[in-house]
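Q: Pasting a predicted model and its sequence here:
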Amino acid sequence: MKIGDILINKGEKKKFILGNISGTAFCGRNTGKTLVITAGVHGGEYVGIETAPVFRRSTMKVPTF
């Protein structure tokens, strides 16, 4: 998977900063569907803003999809 100039290999989890956007990418070991979790799109949506980093911290291994 490639995000901008950042390459994330199969089975890898990688934190990234692209311009003024930061995130964490999980690339599954197997081919399949894509899931995107966003937070902070609308300033009043606090649940997503808190949930996304908690999810990132709680994942010790890249999940198998």
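A: Perfect, thanks for sending it. Quantities reported herein were computed from a predicted structural model and do not represent experimental measurements.
Q: pretty sure F16 contacts F26?
A: No: here F16 lies out of contact with F26, judged by CB atoms under 8 Å, at a distance of 11.6 Å. Just so you know, the C-beta spots here come from the backbone N, C-alpha and C atoms, and that holds for glycine as well.
Q: With neighbour numbers in mind, choose between those two.
A: Counted by other CB atoms under 10 Å, F16 and F26 do not tie: F26 has more neighbours, with 19 against 14.
Q: Then the more buried one would be within a strand, right?
A: Yes: using DSSP: H, G, I helix; E, B strand; the rest coil, the assignment for F26 is a strand.
Q: Give me the buried positions along the helix or strand bottoming out on mean pLDDT in the chain.
A: Counting by mean pLDDT, DSSP states H and E, the chain has its least confident helix or strand at helix 46-58, which shows a mean of 78. Neighbour-count burial for helix 46-58 flags A52 (criterion: 16 or more other CB atoms under 10 Å).
Q: same thing with stretch 8-19?
A: 8, 14.
Q: burial of G28, as a residue count?
A: 17.
Q: Please apply the same query to V36.
A: 6.
Q: Distance of the closest residue to I6 other than its chain neighbours relative to V47?
A: Computed as CB to CB, 6 or more residues apart in numbering, the closest residue to I6 that is not its neighbour in sequence is F16, at 4.9 Å. F16 sits 23 Å away from V47, going by CB to CB, to the nearest Å.
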